[in-house]
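[1] What follows is a predicted protein model with its sequence.
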Amino acid sequence: MSRFAVETRDLSRRFGRRWALARINIQVEPGERFLIVGSNGSGKTTLLRILSTVLDATHGDLLLFGQPPGRDPSWTRAQLGLLSHLHNVYSDLSGPENIRVFLRLLGRGDEPVEPWFERVGLEVRPDPVRSYSAGMMKRLSFARLLSQKPQLALIDEPYGQLDPAGFGFVDELLTDLSESGTTVVVASHQVDRARMLCQRAILLDQGQLRWEGPAVDVARAWGALHG
Amino acid sequence: MIFRQAIEIFRKDLLIEWRGKARFVALAVFAATILLMMSFAIGPNNKELQAHASGYIWIAVLLTSTQLLAGSFQSETEGGALEGLRLLPVFPPSLFYGKAIANWLFLVLLVVLVLPLSFALFDLSIQGSYGLLALVILLGTAGVAAPGTLYAALTARAPAQQLMLPLLLFPLLVPTLLAAVKVTALVFVGDPMGQAGGWLGLLACFDVVFWMFGGVLFWKLVES
Amino acid sequence: MNDKLWFVPLVLGLVALAVAHYGGLVMAPTEAMMGEVGRIMYAHVPTAWTGMLMGLVAFVFACGSLATSKDGWDIGTHASVEVATLLCTLLCIQGALWAKPTWGVYWDWDPRLTSTAILVLSFAGVLILRALVHDQGKRRIVTGVTTILAFVNVPITYYSVKWWNTLHQDMSSGSSIADEFKWSLYLGWLAMMLIAVGLVGLRSAGLMARLRREHGETALPKAKQKIELLAEKGGA
């Protein structure tokens, strides 16, 4: 039994003949804020997708909350929340309707959705999500993630598509999340911003883990790698 | 749990269709246009049109259904919602049955909207029983909805879905089409020989096979 | 196993086919009812049996492919769907050629031929969809699902067409075959089976080689050196 929220052993993924991810070994403590840094195509998103069980690894092992996710997939998935660039929403439904659909599927249909909107600073409006701006969409994704009350939040590019005011809001949100006991794994290339937020970090390059250490040092490691 | 989630998916699809009512209206108008074009292709011969009316109706339903089915998965893949559902976690067969039942309902609605028009266009009357008509509408559309939902999911991310869906689906639907057309014709001209029973049996058999297989195969598909 | 070995059943089959057809098309007596046209049975019946059997083989491969998630089953499905499509297309052409002098039309909606034609369309759809999907994992599932449904639908289609076209009488059974030339029929069937097996084997080997080339195992890269940060000022 592993005490880590996330533990991987030689985790690797091949697409066609190319290894998008090779021999990743990480351990994330429960409640930790963990940062994955890397340039485009370094394997950040692939790693997050494997951690979220949407994608299978080609090689290696993944333990979530001390057990392989395949042992009890629906329990494991109930503990996870993924925020991806896909947003995972229905474009024809309004924001509240989207959250309502997801809550009902979780069997929590009688809970109000308004608090989640308040939390992310989004107006409760009846127009379809299709008409949302990119920033509003991001906030809605956060509302969906929070409403799931995950034990492990996997967040791909939290700062993307947000204005500077939104940056502070994301920091605050993620800090709150981890203080309430949720493990937060963030992938970002906004190194300077994210390293202040997180405790530990890894640096990915061409699918390989090239550095791990305190998050504050990640900028230096980045500098060492990319000259 | 499985049942409750299927109902939630069903509700959600109704809600999406309700939000995009214009699309459904467009589908009904599309079906009506096909009926009209059929008449023009055959010529103003009332006897001939009347004799083949049930065929025209079901062809119109079939052609319209591919648009309906493709649309029902576009809403799932467009915003990445399907992936969100997988993480929730939603049991894949619930997703299949929720969507298939919603599509079934839409198809029934489509037939009900299109029938009055065909009565006017083709000078039809009902010599058989109304119960038989209801039964063939229900079983016939069910025979389109289950394989249709599965194949829409299958082709959802393939290029040229508008082409691939009917290409794969229509050969599969030959028994449904034959049986539905035959029984509907019997409703219009009467069924003194009692032929409808056998056809309905065949339709029911097809429905059972595809509603059963659908859930299992859809599971395989989503987990990939 | 050496892939070239698949030529053995293929060549044996071709030889056996030549012998069988010499028996059926040359030596056998002219059929009483249909005349010389009746000889097409000696080619048609073996094709029909083999074609349907290859459909079944494709179905079995597809079930195995979904159950095991192994690429070998998927390649087998692909190859046998192709060979079944080929044989069933041949079957439809033979049927049409036989129907014209016998019934006066090329296509008279015989339930066997019609359900075979529907199977050809479904299998062609499988192959087209397969060509459009590039991710091997996804392709395996999509192929398996569509192949299974296409095959399961054959008996339902058969009965629905049979009822739909009730005026039709049953035909193309072995009864019009002269007893002393039954051997030609069975040898023909054996020959077609050998050819089909050879083709599936050769095609599988070719597809497998291509899959390996495009998606094949590549060695997991060695772990690169971790970056060491200097104590004071970073950067190398």
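    All right, it came through fine. Numbering: from 1, shown residues only, chains lettered A, B, ... in the order given.
[2] Going by C-alpha atoms from here, please, whenever you check contacts or count neighbours.
    Fine.
[3] any chance you could map the helices in chain C?
    Secondary structure of chain C, counting by DSSP state H: helices at C:7-21, C:41-68, C:71-103, C:111-132, C:136-164, C:182-215.
[4] hmm, I was thinking of chain A
    Residue ranges of the helices in chain A, as given by DSSP H, are A:44-51, A:73-79, A:95-105, A:114-120, A:134-147, A:164-179, A:191-197, A:218-226.
[5] got CSV for these, with mean pLDDT, distance to B:Phe188 and mean neighbour count too?
    Listed next are the helices of chain A as CSV, based on pLDDT from 0 to 100; distance: least, Cα to Cα, whole Å; neighbours: other Cα atoms under 10 Å in any protein chain shown:
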stretch, mean pLDDT, distance to B:Phe188, mean neighbour count
helix A:44-51, 93, 56, 21
helix A:73-79, 88, 51, 18
helix A:95-105, 93, 43, 23
helix A:114-120, 92, 54, 17
helix A:134-147, 91, 52, 22
helix A:164-179, 88, 65, 16
helix A:191-197, 86, 71, 18
helix A:218-226, 87, 77, 18
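[6] now the lengthiest helix in chain B: how far from the chain's centre is it?
    The single longest helix within chain B, with elements called by DSSP H, is helix B:46-78. For helix B:46-78, the distance between its averaged C-alpha position and the chain's averaged C-alpha position is 7 Å (Cα atoms, centre = their mean, to the nearest Å).
[7] Help me see whether it makes contact with chain A, please.
    Yes. Judged by Cα under 8 Å from any Cα of the partner chain, helix B:46-78 comes into contact with chain A through B:Ser75, B:Glu76, B:Glu78.
[8] can you pull the contacts of B:Leu221?
    The contact partners of B:Leu221, taken as Cα atoms under 8 Å, 6 or more residues apart in numbering or on different chains, are B:Leu154, C:Lys138, C:Ile141, C:Val142.
[9] ok, back up a step: for the next helix or strand after the longest helix of chain B, which helices and strands make contact with it?
    The first helix or strand that comes after helix B:46-78 along the chain, using DSSP states H and E, is helix B:81-86. The helices and strands touching helix B:81-86, judged by 3 or more Cα pairs under 8 Å, 6 or more residues apart in numbering or on different chains; DSSP states H and E, number zero.
[10] tell me the mean pLDDT over helix B:81-86?
    Summarised as a single mean, pLDDT over helix B:81-86 is 81.
[11] what's the distance between the closest residue to A:Asp163 other than its chain neighbours and C:Ala219?
    Leaving out its chain neighbours, the residue that sits closest to A:Asp163 by Cα to Cα, 6 or more residues apart in numbering or on different chains is A:Gly135, at 7.3 Å. Remark: distance between A:Gly135 and C:Ala219 (Cα to Cα, to the nearest Å) = 42 Å.
[12] Quickly run through the sheet partners of the longest strand along chain A, with directions.
    Among the segments of chain A that qualify as a strand by DSSP state E, the longest is strand A:6-15. When pairs are called by DSSP bridges, strand A:6-15 turns out to pair with strand A:18-24 (antiparallel), strand A:27-28 (antiparallel), strand A:59-64 (antiparallel).
[13] and these as a markdown table, adding mean pLDDT and mean neighbour count?
    As requested, the strands paired with strand A:6-15 are arranged in a markdown table below (pLDDT from 0 to 100; neighbours: other Cα atoms under 10 Å in any protein chain shown):
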| stretch | mean pLDDT | mean neighbour count |
| --- | --- | --- |
| strand A:18-24 | 92 | 22 |
| strand A:27-28 | 95 | 18 |
| strand A:59-64 | 93 | 19 |
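[14] Return the member of the contacts of B:Leu221 nearest to C:Thr30.
    C:Val142 (48.0 Å; Cα to Cα).
[15] From what I see, C:Leu66 and C:Ile141 are in contact.
    Yes. Using Cα atoms under 8 Å, C:Leu66 is in contact with C:Ile141, at 6.3 Å.
[16] now the helices: where do they sit in chain B?
    For chain B, the helices identified by DSSP H occupy B:2-19, B:21-42, B:46-78, B:81-86, B:92-122, B:130-155, B:161-172, B:174-189, B:196-223, in order along the chain.
[17] and the longest helix of chain B, does that touch chain C?
    No. Helix B:46-78 stays out of contact with chain C when judged by Cα under 8 Å from any Cα, the minimum separation being 13.2 Å.
[18] Check which helices and strands that helix is in contact with.
    Going by 3+ Cα pairs under 8 Å, 6+ apart, helix B:46-78 lies up against helix B:21-42, helix B:92-122, helix B:130-155, helix B:161-172, helix B:174-189.
[19] wait, which of those is closest to B:Glu223?
    Between B:Glu223 and the helices and strands packed on helix B:46-78, the shortest separation by Cα to Cα is 8.1 Å, and it involves helix B:92-122.
[20] anything in that closest one near chain C?
    No. Contact check for helix B:92-122 against chain C, using Cα under 8 Å from any Cα: none in range, with a minimum separation of 14.6 Å.
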